[in-house]
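Colleague: okay, sequence plus prediction incoming.
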Amino acid sequence: MPNKEECKKILEKNGEKYTKDEVDKIRKLLYELADIEFANYNLKSKSNEEEGNPIH
């Protein structure tokens with residue numbers, strides 16, 4: 001996972017400027033979205049396994 005400095009560099013690649021607080025909030029939101037997506041994936045995987053349907 002990118003650290004805060006790497007995140008800031010990536011976010012500012014397009015010429016926009018972000019404060020440390022904004023970078024922290026964006027980074028936190030992205031982690032939360034990734035957690036949700038991972039949980040959703042696990043639920044779908046479990047459901048498919050129970051039905052005998054592989055995801056692939």
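Modeller: Arrived safely.
Colleague: and Tyr31, how far from Lys8?
Modeller: 15 Å (CB to CB, to the nearest Å). C-beta coordinates here come from the backbone N, C-alpha and C atoms, glycine included.
Colleague: biggest helix in this structure by residues?
Modeller: In the chain, with assignment by DSSP state H, the single longest helix is helix 20-51.
Colleague: which parts of that helix are buried?
Modeller: Val23, Arg27 (16 or more other CB atoms under 10 Å).
Colleague: now for that helix, which elements pack on it?
Modeller: Helix 20-51 sits against helix 4-11, with contacts defined as 3 or more CB pairs under 8 Å, 6 or more residues apart in numbering; DSSP states H and E.
Colleague: low-confidence ranges in this protein?
Modeller: When residues are selected by pLDDT under 70, those of the chain lie in 48-56.
Colleague: need the nearest residue in space to Ile10, chain neighbours excluded.
Modeller: Pro2 (6.7 Å; CB to CB, 6 or more residues apart in numbering).
Colleague: so that neighbour: helix, strand or coil?
Modeller: Classification of Pro2 using DSSP: H, G, I helix; E, B strand; the rest coil returns coil.
Colleague: if I look at it, how far off is Asp21?
Modeller: When Pro2 is compared with Asp21 (using CB to CB), they lie 17 Å apart.
Colleague: now the residue most central in space within the chain: how far from Asn40?
Modeller: Per CA atoms, centre = their mean, the C-alpha nearest to the average position across the chain is that of Ala34, at 3.1 Å. Distance check for Ala34 against Asn40: by CB to CB, it reads 11 Å.
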